[in-house]
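In: okay, predicted coordinates and the sequence, questions at the end:
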Amino acid sequence: MTATETGADSQAPPGLLTPGLTPIQRFKAIAGGSAGNLVEWYDWFAYSSFALYFAPHFFPSGDPTSQLLQAAAVFAIGFLARPVGAWIMGLYADRAGRKAALSLAVAMMCAGSLVIAVIPDYEVIGVAAPAVLLLARLLQGLSVGGEYGASATYLSEMAGKERRGFWSSFQFVTLISGQLLALGVLILLQRLLPTEALEAWGWRIPFVIGALLAVVVFWIRLGLEESASFQNAQASGAERARTMMLFTHHPWETTAIFLLTAGGSLAFYAYTTYMQKFLVNTSGFTKETATNITAAALVVYLFILPLFGWLSDKWGRRTNLAFTFGAGMLLTYPIMTAMAGVTEPLMAFGLMVVLIVIIAGYTSVSAVTKAELFPAHVRALGVALPYAMANAVFGGTAEAVALGFKGQGVESAFYIYVSAIMGVALITSLLLRDSRRHSRILED
């Protein structure tokens, strides 16, 4: 079968292909890429987890609600920086290497966390305090935006053909783990420190932890193997990655990633991040109960992701995607309608787990599906940029859209909105070629 028949590009002739990694090399590569992703997302979520405690130090005027809104505005600006980070770091990963991009991304996150940990508050340096906080958050936004494309590409290229879906699923496992770790540090500090101490200085501890963890991961990543895909692309003299290549050479792949991410990202934030607020504002649970239900469902999520990744190695990524978007299109409305009226925590947990199982089909193969669509010389950029753009437009606005519909008294319209976008993603997934025969990752 020729390269054209397999969907592979011709940039890496057979003579350049390298032998498979040893089990130790593969484990080290997967661990290095995954550990950095965990730290990146821990640092990202630590901000929102501890905003309640540090907001008065940077935004002293106004009531607690206005302080939190100002802290949330900084969080949103950091979110908008993610597509820029994806663009810059995607180009860098395709030109300088996956290892270099991964190391730079975690170094930027380390710097951002360290700055937040040591910024003097408003009483000491005045308006410079929120300004420096904003700059630190922008740096973190650039970092986490760049981390996705670099780590998704690296893990997919290093995972090996037979277990590529399984190993690459750990990118999302570590994303959820980072979110749970930030929540765990908050719970631990709440129990160990008096409230006054936590409000005065204890809120700085999680950012110090994040910076120290990032230093460890930076050291680990410096010792990683570069991927054979990148080395072969360089040796073959492939054209340097340019942004317009995505739209002139790979328009279908770029559009497909945008549409798949639109459905997957919207559903992920609707089923997980927004669900905690939904259980309080709509279902009527207390904040503590809603937090416990969400945390328990996320723990289940950690174990489901590798299972779906493994299944994708058996039946192809397209089957995973069709399951998620088909089930989401049909079941989002009835499940969220049922959750709106549920009063038993166990029942709410069960319904949320059903949603978690649905979205796991997509998130388990989110990285590898995108990576397999592009040739190596433009792969990191192709994975990162359309993903980040769709994530900002649909994932980043999910809560605002949901609350907007609720404020207008038509909350069920949000369920229809999610179902409709997942329907578009379903059509896109059905048009994809079978990854078992058409992957553009040629090595191993």
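Out: Sure, I can see it. Numbering: from 1, shown residues only.

In: quick one: the strands in this protein?
Out: Shown for the chain, no strands are assigned by DSSP state E.

In: which segments of it make up each domain?
Out: As given by automatic domain parsing, the domain ranges for the chain are 22-238, 239-433.

In: could you dump these to JSON lines with mean pLDDT?
Out: Converted to JSON lines, the domains of the chain look like this (pLDDT from 0 to 100):
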{"stretch": "domain 22-238", "mean pLDDT": "81"}
{"stretch": "domain 239-433", "mean pLDDT": "90"}
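
In: now the ones you listed as TSV including distance to Arg440 and mean neighbour count?
Out: Any C-beta I mention is one placed from the backbone N, CA and C, and that applies to glycine too. Listed next are those as TSV, based on distance: least, C-beta to C-beta, whole Å; neighbours: other C-beta atoms under 10 Å:
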stretch	distance to Arg440	mean neighbour count
domain 22-238	9	21
domain 239-433	5	20
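
In: now render those as a markdown table, adding distance to Ser439.
Out: Shown next, in a markdown table, are those (distance: least, C-beta to C-beta, whole Å):
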| stretch | distance to Ser439 |
| --- | --- |
| domain 22-238 | 8 |
| domain 239-433 | 4 |
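
In: max-length helix in this structure?
Out: Across the chain, the helix with the greatest residue count (assigned by DSSP state H) is helix 23-58.

In: would you pull up how far that helix lies from the middle of the chain?
Out: With C-alpha atoms, centre = their mean, to the nearest Å as the basis, helix 23-58 stands 11 Å off its chain's centre.

In: what packs against it?
Out: Judged by 3 or more C-beta pairs under 8 Å, 6 or more residues apart in numbering; DSSP states H and E, the packing partners of helix 23-58 are helix 64-96, helix 98-118, helix 128-158, helix 170-192, helix 195-200, helix 205-222.

In: what angle do it and helix 205-222 make?
Out: 150 degrees (axes from the mean of the first three to the mean of the last three C-alpha atoms, to 10 degrees).

In: what's the closest non-adjacent residue to Phe323?
Out: In space, and not counting its chain neighbours, Phe323 is closest to Gly361: 4.5 Å by C-beta to C-beta, 6 or more residues apart in numbering.

In: so what's Glu411 up against?
Out: Neighbour list for Glu411: Thr282, Ala340, Ala402, Phe405 [criterion: C-beta atoms under 8 Å, 6 or more residues apart in numbering].

In: please apply the same query to Gln179.
Out: Trp41, Tyr42, Phe45, Leu298.

In: swap in 6 Å and give it another go.
Out: Applying C-beta atoms under 6 Å, 6 or more residues apart in numbering, we find Gln179 in contact with Phe45.

In: against Leu403, how distant is it?
Out: Gln179 is 21 Å from Leu403, where distance means C-beta to C-beta, to the nearest Å.

In: would you agree Leu246 is in contact with Thr254?
Out: Yes: when contacts are counted by C-beta atoms under 6 Å, Leu246 is listed as touching Thr254 (4.5 Å).

In: picking that back up, could the helices and strands packed on helix 23-58 be laid out in TSV, adding distance to Thr324?
Out: Output for these, formatted as TSV (distance: least, C-beta to C-beta, whole Å):
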stretch	distance to Thr324
helix 64-96	22
helix 98-118	27
helix 128-158	17
helix 170-192	13
helix 195-200	39
helix 205-222	30
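
In: the ones you listed: which one's closest to Leu307?
Out: Nearest to Leu307, of all the helices and strands packed on helix 23-58, is helix 170-192, at 10.9 Å by C-beta to C-beta.

In: to the chain's geometric centre, what's the distance from that closest one?
Out: Centre-to-centre, helix 170-192 and its host chain are 15 Å apart (C-alpha atoms, centre = their mean).

In: with stretch 184-195 instead?
Out: 26 Å.

In: same question for stretch 355-372.
Out: Centroid separation between stretch 355-372 and its chain, computed with C-alpha atoms, centre = their mean, is 11 Å.

In: what's in contact with that stretch?
Out: Residues from elsewhere that reach stretch 355-372 (C-beta under 6 Å, 6+ apart): 152-153, 156, 164-165, 168-169, 171-172, 257, 264, 267-268, 271, 297, 301, 304-305, 308-309, 312, 317, 320-321, 323-324, 327-328, 379, 383, 435, 439-441.

In: mind listing which of these are in helices?
Out: Those of those lying in helices (DSSP H): 152-153, 156, 164-165, 168, 171-172, 257, 264, 267-268, 297, 301, 304-305, 308-309, 312, 317, 320-321, 323-324, 327-328, 379, 383, 435.

In: wait, Pro92 sits on Lys99?
Out: Actually, residue 92 is Tyr rather than Pro. No: with contact defined as C-beta under 6 Å, Tyr92 does not reach Lys99; the gap is 11.2 Å.

In: sorry, back to before: quick one: closest of the helices and strands packed on helix 23-58 to His250.
Out: Across the helices and strands packed on helix 23-58, His250 has its closest neighbour in helix 64-96 (12.7 Å, C-beta to C-beta).
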